[in-house]
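Chemist: build the 3D model from these lines:
(one chain, ligands or ions: 1)
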Amino acid sequence: MIKFGPSGNSDSFYETCKQSTQAAAWCYARGLNAYEYSFARGTNISNETLQALGEAFANYDIEITVHAPYFINFAQSDAQMVEKSCQYILQSLEKMKYLKAKRLVFHPGSLTKQTRDVAMKNVLSNLKLLRDKIYAQGLQDFILCPETMGKHGQIGTVSEVIEMCKIDPIFMPALDFGHINAYQGGSLKTEYDYAEIFQEIKSALGSARGKQVHIHFSKIEYGEKGELKHLTFEDTKYGPEFAPLAKVLKQQDISAIIICESRGTQAEDAMTMKSIYEAIS
Ligand SMILES: [Zn+2]
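Modeler: The predicted model follows:
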């Protein structure tokens, strides 16, 4: 099954609503069945608030997923910094119990002044460390999704994310197709371009894991160094287009949660994706 939903609230949400607990009914009325909640600026939200949100979304059978804090950077070698990144993840997982959320999406890390090779080696060894902590705390039922990134200074190509997921079954790729397209200067055009990515995942992680992915989809403006900014579906210049991806998802019977990160119209664009997908026979 494919679920569609917004990352946070659309601008239009605030025309009639104020509180995020209202987002459950709001999304349900629009036929959406997923919602990504952001801990991007930290996990400093009360357990009561999260519990209320979790219950509101569960009542409407909408699946909540979570985006981890932006401060995370596993590409470093400094032990203290790595420990901080681990703690951001572990704190997020603890908070997610109240939200009844299972999937945590995170940005693997930035190169800063290192070569890509060194940065990637750090990511892999630090994620192994994180994996051990997660098991030690009994949190291995959560799914951690390293995200494909859009800027050249970030770790997170499709192949890099696959390498991270090879570490342990607790990891699942978060394919941000807007980022993949921006990183590669507009590489996603045809069904084949998308199918190739799923093929790479299936051959590396196995067919079952390849059919269960987390997806972010939005159009993103890019330049020489990759991602510049998130756009809306109004854009016709940068892409990528959802229609060819919808066909691949249908053909390959892929189960995914698809989160739209359009700038201000994320719920509306998620609805558009849902109708494109459902129109395929
Ligand atoms: Zn992200």
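Chemist: direction included, what does the host helix or strand of His216 pair up with?
Modeler: With the criterion set as DSSP states H and E, the secondary-structure element containing His216 is strand 212-217. Partner strands and pairing direction for strand 212-217 (DSSP bridges) are strand 174-176 (parallel), strand 255-260 (parallel).
Chemist: can I get these in a markdown table including mean pLDDT, distance to Asp235 and mean neighbour count?
Modeler: Yep, even glycine has a C-beta here, placed from its N, CA and C like the rest. Formatted as a markdown table, the strands paired with strand 212-217 follow (pLDDT from 0 to 100; distance: least, CB to CB, whole Å; neighbours: other CB atoms under 10 Å):
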| stretch | mean pLDDT | distance to Asp235 | mean neighbour count |
| --- | --- | --- | --- |
| strand 174-176 | 98 | 16 | 27 |
| strand 255-260 | 97 | 13 | 23 |
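Chemist: returning to what we had before: which of the residues in the strand holding His216 are buried?
Modeler: 213-217 (16 or more other CB atoms under 10 Å).
Chemist: and the helices in the stretch 51-200 of the chain, which stretches?
Modeler: With DSSP state H, counting those that start in this stretch as the criterion, the stretch 51-200 of the chain has helices at 79-99, 116-136, 158-166, 177-183, 191-205.
Chemist: quick one, which of the ones you listed is packed in tightest?
Modeler: Looking across these with neighbours counted as mean count of other CB atoms under 10 Å, the highest average goes to helix 177-183: a mean of 26.
Chemist: Ile2 against Ile276, yeah?
Modeler: No - taking contacts as CB atoms under 8 Å, Ile2 lies outside contact range of Ile276: 11.2 Å.
Chemist: between these two, who's got more neighbours?
Modeler: Neighbours per residue, other CB atoms under 10 Å: of Ile2 and Ile276, the larger number sits with Ile2, 19 against 15.
Chemist: who does the more buried one bridge with?
Modeler: In this entry, Ile2 is beta-bridged to Ala256, by DSSP bridges.
Chemist: from the contact counts, what lies against the least confident helix or strand in the chain by mean pLDDT?
Modeler: The element with the least model confidence among the helices and strands of the chain, by mean pLDDT, DSSP states H and E, is helix 207-210, at a mean of 90. Applying 3 or more CB pairs under 8 Å, 6 or more residues apart in numbering; DSSP states H and E, we find helix 207-210 packed against helix 191-205.
Chemist: and the helix it packs on, what other elements does it pack with?
Modeler: Counting contacts by 3+ CB pairs under 8 Å, 6+ apart, helix 191-205 is packed against helix 158-166, helix 207-210, helix 243-251.
Chemist: of these, which shows the lowest average pLDDT?
Modeler: Ranked by mean pLDDT, the helices and strands packed on helix 191-205 end with helix 207-210 at the bottom, a mean of 90.
Chemist: return the distance of that one from the chain's centre.
Modeler: Here the centre of mass of C-alpha atoms in helix 207-210, compared against the chain's by CA atoms, centre = their mean, to the nearest Å, lies 17 Å away.
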